[in-house]
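1. Here is a sequence together with a model predicted from it:
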Amino acid sequence: MRQVVLDTETTGLSWEKGNRVVEIGCVELVERRPTGRTFHCYLDPECDFEPGAQEVTGLTREFLAGKPKFADVVDEFLAFVDGAELVIHNAAFDLGFLDAELSRLGRGHAPMRERCTVEDSLELARQRFPGQRNSLDALCRRLGVDNSHRQLHGALLDAQLLAEAYLALTAGQGEIGFEAAGGEPAVAVVALAPVAGGAGARPRVAPTAEDLEAHAARLEQLRKKAGSALWDRLEDAADASVAAAVEPEAALA
């Protein structure tokens, strides 16, 4: 799966009032791994900042003068994001601004949600941490993402921080040790002998004693947090399936 973590900076809080995008930052993930590909640009907004907006980003009209306009980068930007799942913190804000920029071009550009699926990391954070602050800074602190170098808002920096926070927020297989440090599998893979008439050797995962202990400890954590673990239900279903298969054989014995 290809995902693009996206952030924008703007001249104010409302695209309806004519505020514009001044910076876009994107970070690409493929199968939940950063690929190293990014998209980043500063934009000349052709309008002034609202009071307070410059203090948030540190950007000025003087710095942005002579930078590309949105029309100059739209094709490259859309080529980078098209077809991906966008991960955005407070997606309605960024998508509202981007859709407004697209509509200004008057070339029939489809809205962003017609080009990409969208995952709102703010909504995910609110579901996981209800009643708590879930700004990007608060999320980084809670999830152990180092944001000490974030003195001002910046689209690319914020997209990079959000990518780390999102991966921690939605941690799955990596969290329970399916992969060891350095990218090597944490379990041994043993090839079985070919089955007569079969297509060849079939791989078998052989967990170590440490793997089994870690697995058991993780299940116990899940049981304490949620009252049960999906794995338990899968094991129960497997046991029932085995029992159903054995019963006819026992009757024939």
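-> In hand now; what should we look at? Residues are numbered from 1 along each chain as shown.
2. can we go C-alpha only for contacts and neighbour counts from here?
-> Will do.
3. What's opposite residue 21 in the beta bridge?
-> Beta-bridge pairing for residue 21 (DSSP bridges): residue 10.
4. Low-confidence bits of the protein, can you list those?
-> The chain contains residues with pLDDT under 70 at 151-152, 172-253.
5. Can you give me the domain boundaries for this protein?
-> The record's domain split for the chain, according to automatic domain parsing, is 2-175, 202-252.
6. Let me know which of the ones you listed is tucked in deepest.
-> domain 2-175 (a mean of 17; mean count of other CA atoms under 10 Å).
7. Give the bridge partners for the closest residue to residue 91 other than its chain neighbours, please.
-> Sequence neighbours aside, residue 120 is the residue nearest to residue 91 in space, at 5.4 Å (criterion: CA to CA, 6 or more residues apart in numbering). In this entry, residue 120 is beta-bridged to residue 88, by DSSP bridges.
8. residue contacts, residue 120?
-> Residues in contact with residue 120, defined by CA atoms under 8 Å, 6 or more residues apart in numbering, are 87, 88, 89, 90, 91.
9. Kindly recompute the last result at 10 Å.
-> Residue 120 is in contact with 86, 87, 88, 89, 90, 91, 92, 166, counting by CA atoms under 10 Å, 6 or more residues apart in numbering.
10. Turn those into JSON lines, columns for distance to residue 36.
-> Conversion of these to JSON lines gives the following (distance: CA to CA, whole Å):
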{"residue": "86", "distance to residue 36": "16"}
{"residue": "87", "distance to residue 36": "16"}
{"residue": "88", "distance to residue 36": "18"}
{"residue": "89", "distance to residue 36": "20"}
{"residue": "90", "distance to residue 36": "24"}
{"residue": "91", "distance to residue 36": "23"}
{"residue": "92", "distance to residue 36": "26"}
{"residue": "166", "distance to residue 36": "16"}
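11. I figured residue 109 was touching residue 102, is that so?
-> Yes: shown here, residue 109 and residue 102 form a contact pair, counting by CA atoms under 10 Å, at 6.0 Å.
12. Helix or strand for residue 26, just tell me which one.
-> Here residue 26 sits within strand 21-30, counting by DSSP states H and E.
13. I would like the residues contacting the helix or strand just after that strand, please.
-> Where DSSP H and E defines the elements, the next helix or strand beyond strand 21-30 is strand 33-42. Residues outside strand 33-42 that contact it (CA under 10 Å, 6+ apart) are 1-9, 21-29, 59, 63-70, 73, 76-77, 80-81, 155-157, 159-160, 163-164, 167.
14. Then stretch 98-117?
-> If you take CA under 10 Å, 6+ apart as the criterion, stretch 98-117 is touched by 3-4, 8, 15-16, 18-21, 24, 70-71, 74, 78, 81-87, 92, 94-97, 118.
15. repeat that with 8 Å
-> 15, 20, 21, 70, 71, 81, 82, 83, 84, 85, 86, 95.
16. any chance of the residues you listed in TSV, with secondary structure and distance to residue 136 too?
-> Shown next, in TSV, are the contacts of stretch 98-117 (DSSP: H, G, I helix; E, B strand; the rest coil; distance: CA to CA, whole Å):
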residue	secondary structure	distance to residue 136
15	helix	21
20	coil	22
21	strand	19
70	helix	26
71	helix	29
81	helix	22
82	coil	25
83	coil	25
84	coil	22
85	strand	19
86	strand	16
95	helix	17
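17. Using JSON lines, lay out the residues you listed together with distance to residue 143.
-> Output for the contacts of stretch 98-117, formatted as JSON lines (distance: CA to CA, whole Å):
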{"residue": "15", "distance to residue 143": "31"}
{"residue": "20", "distance to residue 143": "32"}
{"residue": "21", "distance to residue 143": "29"}
{"residue": "70", "distance to residue 143": "34"}
{"residue": "71", "distance to residue 143": "37"}
{"residue": "81", "distance to residue 143": "27"}
{"residue": "82", "distance to residue 143": "29"}
{"residue": "83", "distance to residue 143": "29"}
{"residue": "84", "distance to residue 143": "25"}
{"residue": "85", "distance to residue 143": "22"}
{"residue": "86", "distance to residue 143": "21"}
{"residue": "95", "distance to residue 143": "25"}
